[in-house]
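K.L.:
Pasting the sequence and the predicted model now:
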Amino acid sequence: MKLICRVFILVFVFSSCNKDDELQSTDELLPRMDCIDIEEERAIIAEYIRKEGFILVPEEGCPVFRIDGDFKTEENYLDLWICNLPEEFQENNIEVIFSGYLYETFENEDVCAQIFELTEIKLRQ
């Protein structure tokens with residue numbers, strides 16, 4: 001039992017010591033996402049790896065940059081709200097390949113897109 005506790009503590013300590021301020025991208029370093037309040041403790045509900053989509057710019061009904069594609073979350077099809085989108089990708093209808101983490105949305109939130117942390121993005125050719 002003591003061995004299991006020690007192993008658990010070691011795993012916890014080493015996994016919580018990651019202090020990366022930036023994430024690797026194919027072309028550049030992406031800033032860590034700062035649009036989610038850490039206090040909210042949102043869970044990561046999915047990881048997308050090399051998915052295809054296209055950029056949507058802010059508009060009246062949804063004032064955030066989004067990636068559109070075939071993304072099903074629970075019972076809804078929603079765009080992905082990319083709040084750490086690099087400036088060179090902030091144009092309408094750019095086709096991209098991207099990876100990142102999908103965060104949970106709370107029941108009391110009225111959202112036009114699912115919260116998504118981008119870890120990699122490149123133009124689709």
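P.N.:
Nice, thanks for sending it over. Residues are numbered from 1 along each chain as shown.
K.L.:
Now the helix or strand containing Tyr101: buried residues?
P.N.:
Per DSSP states H and E: Tyr101 is located in strand 95-103. By 16 or more other Cβ atoms under 10 Å, the buried positions in strand 95-103 come out as 96-103. Backbone N, C-alpha and C define where each C-beta goes, glycine included.
K.L.:
quick one, helices of the chain?
P.N.:
Taking DSSP state H as the test, the helices found in the chain are 2-15.
K.L.:
if we can go back for a sec, ok, of the buried residues of strand 95-103, which one's closest to Ile55?
P.N.:
Val96 (6.4 Å; Cβ to Cβ).
K.L.:
so what's that closest one scoring on pLDDT?
P.N.:
Predicted confidence (pLDDT) for Val96: 96.
K.L.:
longest strand anywhere in this structure?
P.N.:
Longest strand in the chain by number of residues (criterion: DSSP state E): strand 44-56.
K.L.:
and the angle from that one to strand 95-103?
P.N.:
Interaxial angle of strand 44-56 relative to strand 95-103 (axes from the mean of the first three to the mean of the last three Cα atoms, to 10 degrees): 150 degrees.
K.L.:
and strand 44-56, average pLDDT?
P.N.:
92.
K.L.:
Look at Tyr48 and say how many residues are nearby.
P.N.:
Tyr48 has 19 neighbours, counted by other Cβ atoms under 10 Å.
K.L.:
Just list whatever residues bridge to it.
P.N.:
Gly100 (DSSP bridges).
K.L.:
doesn't Ser99 make contact with it?
P.N.:
Yes. With contact defined as Cβ atoms under 8 Å, Tyr48 reaches Ser99; the gap is 6.0 Å.
K.L.:
Run a quick neighbour tally on the closest residue to Ile45 other than its chain neighbours.
P.N.:
Leaving out its chain neighbours, the residue that sits closest to Ile45 by Cβ to Cβ, 6 or more residues apart in numbering is Glu104, at 5.0 Å. With neighbours defined by other Cβ under 10 Å, the count for Glu104 comes to 17.
K.L.:
Would you agree Glu104 is in contact with Ala43?
P.N.:
Yes. Assessed by Cβ under 8 Å, Glu104 is found in contact with Ala43 at 4.7 Å.
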